[in-house]
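>>> Dropping a prediction and its sequence here:
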Amino acid sequence: MLSAMKYASPTTVAEAVDLLGAEPDARVYAGATDLIPQIRAGRPEPAVMVDLKRIERLCAIARRGSTYTVGAATPTADICAHDGLAAAFPGLVEASGLIGSDQIQSRSSWGGNLANASPAADTPPSLIVNEARAVIAGPAGERTVAASAVATGPGATSLSGGEFIVEFELDEPPARTADAYLRLIPRTEMDIAVVGAAARITLDAAGTVAAAAVALGAVAPTVVRVPDAEVALIGRRPSGDALVAVEAAAAAAANPIDDKRGTAAYRRQVAGVLARRAVAIAAERASQPGEQS
Amino acid sequence: MTVTESKPRYKYVGTRPVRHDGLEKVTGRARFAADLNLSGQLHGIVVRSPHAHARIVSIDTSKAEAMDGVKAVITGDDFPAVDPSNRNYDMCVNIMARHKVFYEGHAVAAVAASTRDQARAAAAAIEVAYEVLPAAMTIDEALAPGAPVLHDHMMTKGADPPATEPSNVSDITRFAAGDLDAGFAEADLVIEREYTTKPVHQGYIEPHACVADTGQDGHTTIWCSSQGHFNVRSSSAAMLGWENTRIRVIPAEIGGGFGGKTTIYLEPLAVALSAKAGRPVKMVMTRDEVFRATGPAPGTKLKVKLGARRDGTLVAGDAYLIYSGGAYAGSGGLLGAMTVFESYNIANFGVESLNVVVNTARSAAYRAPAAPLTAFAIETMLDEIATELGIDALDLRLANAVAEGDPSTMGFPFARIGFTECLEAVRDHPHYSAPLGPNQGRGLAAGYWFNIGESSSATVNLNEDGTATVVTGSPDIGGSRASMALMAAEELGIDPLDIRPVVGDTEAVGFTDVTEGSRATFATGMAVVEACRTMVAELRGRAAKMMGTDIDDIDWVDGQAVYTGSDGDKAPLSVAAICAKAKRTGGPLTATGSLEAHGAGPGFAVHLCDVEVDPETGVVRVVRYTASQDAGTAIHPSYVEGQIQGGVAQGVGWALNEEYIYDSDGVMENPGFLDYRVPVASDLPMIDAVIVEVPNPAHPYGVRGVGETGIVPPIPAVANAINDATGCRLRNLPMSPVRVLEAITANGGSDG
Ligand SMILES: Cc1cc2nc3c(=O)[nH]c(=O)nc-3n(C[C@H](O)[C@H](O)[C@H](O)COP(=O)(O)OP(=O)(O)OC[C@H]3O[C@@H](n4cnc5c(N)ncnc54)[C@H](O)[C@@H]3O)c2cc1C
């Protein structure tokens, strides 16, 4: 186990692309916090493990104009320690801070979290409500897609052979905007989301909702957006009936299964509760002056 | 916090020196079994059944044997045939299946190769043909008419009338006292409740591991972690058909056992592979194997009926208890019957308990086996009775609690016990009257474990410089080295840090039973004290020689030989002074103590738990926890607290999240700590351990075992707290968020 594999550590995107082109059975990794446990559990070993962490661009957090770029292999511990990201995307940063434990956080990445394509991953719902884009490199050069377009099913992505995510782009949110993320786990940490819910709310000057995004994790093969919740919120105050409607819409949008981590009925009910709570927290944050940059 | 009945003042006993093995453990230098590597060693891998129940049609090892690096392959045929009448039958056929597999993960073959990868590849190349049989995964399935019968030889013991056909019920135990009908007739309130619980794993962090090195002379040495290396020796010998003297077992440090390492799985396989290959063989289980193939605690179905008078006096109890021992006869039924009504005076009771076999891994002991589940039933029912009768839950327990002289279930009277004192300690604790927040609730529960004595041996060697080495046969699974050193220090008058407590191997110390029944500090401690007292007599004799007087004129006072004769003043002699002259007064100073300990003295505990329940998600968080327990005398209070806290942590996990999950083919779905949810540190508040000390009259220092009782009250304490917070009575474990939310929203206050 983990014995016959080769290790490569390219230092540029181009070098990584070449490596992947030369060896079809090569596999990129960032923290390997998904990959190594999977191999230990019996998944086939790749011929070459390609470490993305030596490529500067993949571990950099930068702001160009009104857009943040976050390297796809950046450890989530670095993301959590970044004041600018925490102010602009508090929910996304909270989701990043929920992954595993301090030890895991020193290695785990957004790229790995998204490309691993677990339906229960914690950051994708938040990446999606913040309209994050993934910059993807491959033999044909670079392309940029919505983060929501990367995972296509459990363990499956839209990345083609030799492609990998270089970085994420996130636009600075408009004024009076904030996000939130909540997840349900039976324990307090070191657990997999039974349900996850992300929300992002933009308020107008009068305190009614100008824009809303709600997304659920762990209740379907991929992250589920809840357009009915968004419609129910826009133009209304984020309280009372509007929140009741969010809860109902999220429960209806959830398409969960019974498994060892929870029943479908439980997940549906709790998806509604968490969506409602996440919207309320996001709206509360959006209403705090100075909370958004 | 400690509540202490008047007890002698000790110099060392009751202090908290740093444990002798502490630094090595926190710095990672301590050697656990998997840390050992011998030159030329091979790696052994077990081939396990993918089926829950199947007949083995054939095993073809030829491909595996021809593979690179493979040095030995074994199957059940490599061990002596064993007959169901043999008392080791279950253990032997569990370690390696013969003819039939009884659970997914059951060992069918093993291979040793130069590398672990080669061994794995060879294991995968062993071809086993199975005839898959229908499986009975639960108690209900095993008892259903037409259920697949696991063992053709299983004729229910204790059946009335006697069994004539084999079944999945291995045995029935019955206890009774008084007149049940009259008792219930006398009751103003009668309630009857049913409970179900799932098998749970002990969850020790260290997977089973061993290295065996078998020589040309037919002798073998085993290094392994266990709760008792003499038991590893005799069990391995039984499996191999060898004499004990051919096996030496050297104990490694142990990374948790909790009862699960009182039996063996790998050792005879490693010995057989090593004998066949002529090389040392190392075997280390993966976590997956630990879950699939090593002992869970049994799942249960319990039905209990209690009757009480209006004033709260319990007058009748009737219990029907079913324990599933996994694939082989377990002991849960007997222990459940012994504990269900033990804590309270109930003049009229009847208990019938069954051990049932199912197609899951063979159960093993887990801290106070069976008792947490009977406590779940009794202690939640007492809460219901208290509410129904308008009596305070603690007062109800005080009124019915057993005390010295009261009869136990088995009829013998209790010696001095500390149940009442534990109840009072909780009542007097600030927690008891602290305010609760929104969605919070408080639960009280008591628990009992009887503890045991058994055989122990110890040797005390005084060194030339006046320090001492204390060798015992009990592995240190919870700080017992420190306890042994403290008791020896008290006896000899030597600083505990000048005493080296050592766990001796099977050829270095006298026979010592496995560490179970919380017996190490109690029984092995008694052997240490006995050895020390023999040593003190010897030291007095040596001092008499040095002073030129008679032993009768020498007293042992505060670690010194003091002259009490009338022939003027003579300076007292310290241990160091006597040791320095040992060569001239009779040679090396060593003494042994070996005994069969009696009077273990039951341990009682009373726990108070606050939970906060999210009414919309069913998530339960334990927010405050206080646990009182009678330790008799706390030799090293920190490790008593540690035992109490550990018991609470495991009990809370059992209450809230832990369970085995199987798919429809009987394959375990959660064989890892991600989905088998033991509590993590952040799941628990600081657990306030309140040590109550009501000395055990049978022990020289008043010790009662403390290792097990602490896991007994948490399940009902949590259940009672959830009820207080939500009004919902949960009677099925685990009380997971799914179950709690169902009870809150769907079932009108119960979980079905
Ligand atoms: C103990 C533990 C606890 C955990 N807890 C959580 C949790 O609470 N929440 C949660 O969501 N996850 C959790 N995880 C899973 C894991 O830590 C996260 O998914 C993490 O974000 C993965 O990041 P990584 O960099 O380690 O991924 P890796 O293991 O390096 O990669 C994962 C997958 O993505 C691919 N990949 C990696 N980077 C890229 C890239 N840039 N482009 C394309 N493909 C890529 C890899 O080939 C692999 O298939 C936990 C894992 C462990 C071991």
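Arrived safely, thanks for sending.
>>> got the buried residues for the longest helix anywhere in chain B?
Secondary structure of chain B per DSSP state H: the longest helix is helix B:525-547. By 16 or more other C-beta atoms under 10 Å in any protein chain shown, the buried positions in helix B:525-547 come out as B:525-533, B:535-536, B:538-547. Where C-beta positions appear, they are placed from N, C-alpha and C, glycine not excepted.
>>> what residues are up against residue 286?
Because you didn't say which chain, this covers chain A. By C-beta atoms under 8 Å, 6 or more residues apart in numbering or on different chains, A:Ala286 lies in contact with A:176-178, A:201-203, A:292.
>>> hmm, I had chain B in mind actually
Taking C-beta under 8 Å, 6+ apart, we find B:Thr286 in contact with B:Pro207.
>>> which residue sits closest to the closest residue to the ligand within the stretch 1-150 of chain A in space, ignoring its chain neighbours?
Closest to the ligand within the stretch 1-150 of chain A is A:Gly112: 2.0 Å, counting by C-beta to the nearest ligand atom. Computed as C-beta to C-beta, 6 or more residues apart in numbering or on different chains, the closest residue to A:Gly112 that is not its neighbour in sequence is A:Ala30, at 4.7 Å.
>>> gap between the one you found and B:Tyr89?
Between A:Ala30 and B:Tyr89 the distance is 53 Å, computed by C-beta to C-beta, to the nearest Å.
>>> Name the residue in these two with the higher neighbour count.
Higher neighbour count among A:Ala30 and B:Tyr89: A:Ala30, with 27 against 18, using other C-beta atoms under 10 Å in any protein chain shown.
>>> Show me what from the stretch 101-250 of chain A comes close to chain B.
Proximity of the stretch 101-250 of chain A to chain B (C-beta under 8 Å from any C-beta of the partner chain) is limited to residues A:184, A:186-192, A:194.
>>> of those, buried ones?
Buried by 16+ other C-beta under 10 Å: A:184, A:186-187, A:190-192, A:194, out of those.
>>> among those, which are in strands?
Those of these mapping onto strands are A:Leu184, per DSSP state E.
>>> Give me the secondary structure label for residue 37.
Answering for chain A, as no chain was given. Classification of A:Pro37 using DSSP: H, G, I helix; E, B strand; the rest coil returns helix.
>>> Now for the closest residue to the ligand within the stretch 401-550 of chain B: which residues touch it?
Among the residues of the stretch 401-550 of chain B, B:Asn439 lies closest to the ligand, at 24.9 Å counting by C-beta to the nearest ligand atom. Contact analysis of B:Asn439 by C-beta under 8 Å, 6+ apart lists B:612-615, B:725.
>>> Could you break chain A into its assigned domains?
A:1-172, A:177-287 (automatic domain parsing).
>>> so which of those domains is the most packed in?
Ranked by mean neighbour count, the domains of chain A are led by domain A:177-287 with a mean of 22 (mean count of other C-beta atoms under 10 Å in any protein chain shown).
>>> Okay, A:Val214 and chain B: tell me how far apart.
17 Å (C-beta to the nearest C-beta, to the nearest Å).
>>> and that residue, that's in a helix?
No. Using three-state DSSP, the assignment for A:Val214 is strand, not a helix.
>>> Then B:Ala270 would be within a strand, right?
No. Counting by three-state DSSP, B:Ala270 is not found in a strand; it is helix.
>>> quick one: the closest residue to it other than its chain neighbours from B:Tyr103, how far?
The shortest distance from B:Ala270 to any non-neighbouring residue, by C-beta to C-beta, 6+ apart, is to B:Ala212 (3.7 Å). Per C-beta to C-beta, B:Ala212 is found 25 Å from B:Tyr103.
>>> How many neighbouring residues does B:Lys261 have?
Residues lying near B:Lys261 (other C-beta under 10 Å) number 31.
>>> Please apply the same query to the one 5 residues further on.
Under the neighbour criterion other C-beta under 10 Å, B:Leu266 is assigned a count of 31.
>>> who touches it in this structure?
B:44, B:46, B:208-210, B:224, B:283, B:285.
>>> Can you flag which of these belong to helices?
Residues of those located in helices (DSSP H): none.
>>> so can I have TSV of these showing neighbour count and pLDDT?
Conversion of the contacts of B:Leu266 to TSV gives the following (neighbours: other C-beta atoms under 10 Å in any protein chain shown; pLDDT from 0 to 100):
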residue	neighbour count	pLDDT
B:Gly44	29	98
B:Val46	23	98
B:His208	24	98
B:Ala209	21	98
B:Cys210	30	98
B:Cys224	27	98
B:Met283	28	98
B:Met285	21	98
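>>> From chain A, how far out is B:Ser594?
Noted for B:Ser594: a distance of 46 Å to chain A, by C-beta to the nearest C-beta.
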